[in-house]
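K.L.:
for reference, the sequence and a predicted model appear below.
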Amino acid sequence: MTTDFSSDKFQFVVENYREICYNIQNAKVKYGRESENVEIMAVTKTVAPEIVNAAIDCGVTLLGENRVQEYTAKKDFYRPCDVHFIGHLQTNKVKYIINDVKMIQSVDSVKLAGEISRLAVKNGKVMDILIEVNIGDELSKSGVDKRVALPLISEISCLPGVRVRGLMAIPPIGSRDEIYLKLKDLFENIKSEDIPGVSMDILSVGMSGDYEMAVKYGSNLVRIGTKLFGARKYMEV
């Protein structure tokens, strides 16, 4: 793997991480969430392990992986860190990550949840998952319609070896407050159903361009790639 990175690039990551932390803290204060934790995920798509490790050295404790093949090529080069899978996941690829990731955020069907369940039971574990919701009804994005999120969660909750922890979403670029409010209301409504085995303690929304808005509307896990690592040009796999 390529290792030709200047100290300037590492410093760039340090400075960006500090800025992200500062902005999140300000947003928490501004929106009355000072006592709540908002976790920062470093999204590592196309980013070299050396640069990812620089983020871990800064204090990042959670990585987000989009592609199974890329992750399996890079994982042994990472410093110890929790990993969530956040990309579109085919059922035939679950076997490659089931024992390496802590959570799968992009579950959008009973079929996928069923395969995760089967392999989790086979490997003697319980896999935490989030249900991905297509909150903007965009044809180009995966995720379930918000109207079927509750019945889907109810059905998945009966599967062994999986535990629904909440929702994940990618609002359309430039979304106004109402989209985030709609997602927050959906999250709270499902949580109020108190479905057995469903904790609904994670709302994963907010990326480089909207993480402060997401914090305003209850996100407690933001997924940051470009804002942390810069433009995606450090592909080395």
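P.N.:
Good, I have the coordinates. Numbers count the residues shown, from 1 in each chain.
K.L.:
report the buried residues of the helix or strand bottoming out on mean pLDDT in the chain.
P.N.:
In the chain, no helix or strand scores lower on mean pLDDT, DSSP states H and E than helix 7-30, which sits at a mean of 93. Neighbour-count burial for helix 7-30, counted by 16 or more other CB atoms under 10 Å, picks out 9-10, 12-13, 16-17, 20, 24, 27-28. Yep, even glycine has a C-beta here, placed from its N, CA and C like the rest.
K.L.:
how far off centre is it?
P.N.:
19 Å (CA atoms, centre = their mean, to the nearest Å).
K.L.:
for stretch 82-99, same thing?
P.N.:
Centroid displacement of stretch 82-99 relative to its chain, using CA atoms, centre = their mean, is 12 Å.
K.L.:
how about that stretch: buried residues?
P.N.:
83-89, 93-94, 97-98.
K.L.:
could you export those as JSON lines, including pLDDT and secondary structure?
P.N.:
Output for the buried residues of stretch 82-99, formatted as JSON lines (pLDDT from 0 to 100; DSSP: H, G, I helix; E, B strand; the rest coil):
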{"residue": "83", "pLDDT": "98", "secondary structure": "strand"}
{"residue": "84", "pLDDT": "98", "secondary structure": "strand"}
{"residue": "85", "pLDDT": "98", "secondary structure": "strand"}
{"residue": "86", "pLDDT": "98", "secondary structure": "coil"}
{"residue": "87", "pLDDT": "97", "secondary structure": "coil"}
{"residue": "88", "pLDDT": "95", "secondary structure": "coil"}
{"residue": "89", "pLDDT": "97", "secondary structure": "coil"}
{"residue": "93", "pLDDT": "98", "secondary structure": "helix"}
{"residue": "94", "pLDDT": "98", "secondary structure": "helix"}
{"residue": "97", "pLDDT": "98", "secondary structure": "coil"}
{"residue": "98", "pLDDT": "98", "secondary structure": "coil"}
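K.L.:
return the member of these nearest to residue 112.
P.N.:
Using CB to CB, residue 89 comes nearest to residue 112 of these, at 6.4 Å.
K.L.:
does the closest one touch residue 112 like I think?
P.N.:
Yes: using CB atoms under 8 Å, residue 89 makes contact with residue 112 at a distance of 6.4 Å.
K.L.:
determine the three-state secondary structure at residue 131.
P.N.:
Under DSSP: H, G, I helix; E, B strand; the rest coil, the three-state class of residue 131 is strand.
K.L.:
against residue 162, how distant is it?
P.N.:
Distance, residue 131 to residue 162, by CB to CB, to the nearest Å: 11 Å.
K.L.:
which residues do those two both contact?
P.N.:
Taking CB atoms under 8 Å, 6 or more residues apart in numbering as the contact rule, residue 131 and residue 162 both touch residue 156.
K.L.:
how about the secondary structure of residue 168?
P.N.:
strand.
K.L.:
which residues does it contact?
P.N.:
Going by CB under 8 Å, 6+ apart, residue 168 touches 86, 105-106, 130-133, 143, 204-205.
K.L.:
so which of the residues you listed is the closest to residue 54?
P.N.:
Nearest to residue 54 among the contacts of residue 168, counting by CB to CB, is residue 86 at 20.4 Å.
K.L.:
which element follows the least confident helix or strand of the chain toward the C-terminus?
P.N.:
Once helix 7-30 ends, the next helix or strand along the chain (criterion: DSSP states H and E) is strand 39-43.
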